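Chemist: The amino acid sequence is not available; the structure is as follows:
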């Protein structure tokens, strides 16, 4: 469950999606989005 909280907090902060939107994603989808956003942040 800590992993879900981390993913939701990270994505909520960076993409400003609602909690409902973030929780509607399955774990694999959230992981892909976290990886994509993290990669883009690292590219700045």
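Modeler: All right, it came through fine. The structure presented is a predicted model; accordingly, all values stated were derived computationally and were not measured.

Chemist: top helix in this structure by residue count?
Modeler: Longest helix in the chain, counting residues (DSSP state H): helix 27-43.

Chemist: list the helices and strands that one packs on?
Modeler: Helices and strands touching helix 27-43, by 3 or more C-beta pairs under 8 Å, 6 or more residues apart in numbering; DSSP states H and E, are helix 2-15. C-beta here means a position set from N, CA and C on the backbone, and glycine is covered the same way.

Chemist: Identify the residues contacting the longest helix of the chain?
Modeler: Outside helix 27-43, the residues within contact range by C-beta atoms under 8 Å, 6 or more residues apart in numbering are 3-4, 7-8, 10-11, 14-15, 22, 25.

Chemist: Buried subset of these, written for PyMOL?
Modeler: Applying 16 or more other C-beta atoms under 10 Å to the contacts of helix 27-43, the buried members can be selected in PyMOL as follows:
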select buried, resi 7+8+10+11+22+25
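
Chemist: ok, which pair from the contacts of helix 27-43 is furthest apart?
Modeler: 3 and 15 (17.7 Å; C-beta to C-beta).

Chemist: Now the longest helix of the chain: buried residues?
Modeler: 30, 33-34.
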